[in-house]
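>>> any chance you could fold what I've pasted below:
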Amino acid sequence: MTPETLAKAMNIPLARAQKWAPALTDAMREGEINTRLRQSAFLAQIGHESGSLVYVREIGGPSYFAKYNGRKDLGNTQPGDGARFCGRGLIQVTGRSNYAKCSQALFGDDRLLKTPDLLEQPECAAKSAVWFWSTRNLNELADADRFTDLTKKINGGTNGIEDRKARYRLALSVIK
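Predicted coordinates for the structure are as follows:
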């Protein structure tokens, strides 16, 4: 995907698209996000989740991240895990166990447990989003044009659905 197409499909400045296009193109190719419906749905979702490719780290301070401490469902068993393994990437990977799974998938080792902020770099942020997408079989939902169901798999509900749908319509109008 060219930076120009990405900029138009996501309504972002060309400079930001130039930063993200190589990483997104490579990651999307690896995840077979390679059709108009898949690409449009993916860009709409990451656009919403990241504030148009601006935020790759969950926003919050120590008291906010404390809500994740001790969350066994996230694998947060050590003091400080809530802040250390806060949401990162374009579709935010959250929790020690998810960082471990993502790290194994992307690198075959535990480097994200040692250096969680790698998920804030374009290549890892894009690859982690595709990992999330692929492990939840979201290409299948995109192919069936089941956008609301796809949103629920990412968000757990329909938070921001109108923004996500508007982003989807824009991407569909640009990607041919």
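
>>> CA only for contacts and neighbour counts going forward, please
Will do.

>>> and the residue nearest to Asn139 when sequence neighbours are not counted, which helix or strand is it part of?
Distance criterion CA to CA, 6 or more residues apart in numbering; nearest residue to Asn139, sequence neighbours excluded, is Arg38 at 5.9 Å. Secondary-structure assignment from DSSP states H and E places Arg38 in helix 36-49.

>>> can you list the neighbours in contact with that helix?
Outside of helix 36-49, the residues that reach it under the criterion CA atoms under 8 Å, 6 or more residues apart in numbering are 9-10, 28, 33, 52-53, 90-92, 129, 139, 142-143, 145, 147, 151, 160, 163-165, 167-169, 171-172, 175-176.

>>> can you check stretch 99-119 too?
Contacts to stretch 99-119, defined as CA under 8 Å, 6+ apart, come from residues 56, 84-85, 88-89, 93, 96, 124-125, 127-128, 131.

>>> among those, name the ones in strands.
Using DSSP state E, no member of those sits in strands.

>>> among those, which are in helices?
Secondary structure assignment (DSSP state H) places 84, 96, 124-125, 127-128, 131 from the contacts of stretch 99-119 within helices.

>>> need those in JSON lines with pLDDT, neighbour count and distance to Gly70, can you?
Listed next are the ones in helices among the contacts of stretch 99-119 as JSON lines, based on pLDDT from 0 to 100; neighbours: other CA atoms under 10 Å; distance: CA to CA, whole Å:
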{"residue": "Arg84", "pLDDT": "96", "neighbour count": "21", "distance to Gly70": "12"}
{"residue": "Arg96", "pLDDT": "97", "neighbour count": "25", "distance to Gly70": "11"}
{"residue": "Cys124", "pLDDT": "98", "neighbour count": "23", "distance to Gly70": "26"}
{"residue": "Ala125", "pLDDT": "98", "neighbour count": "27", "distance to Gly70": "25"}
{"residue": "Lys127", "pLDDT": "98", "neighbour count": "27", "distance to Gly70": "27"}
{"residue": "Ser128", "pLDDT": "98", "neighbour count": "26", "distance to Gly70": "24"}
{"residue": "Trp131", "pLDDT": "98", "neighbour count": "23", "distance to Gly70": "25"}
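
>>> lovely, talk soon.
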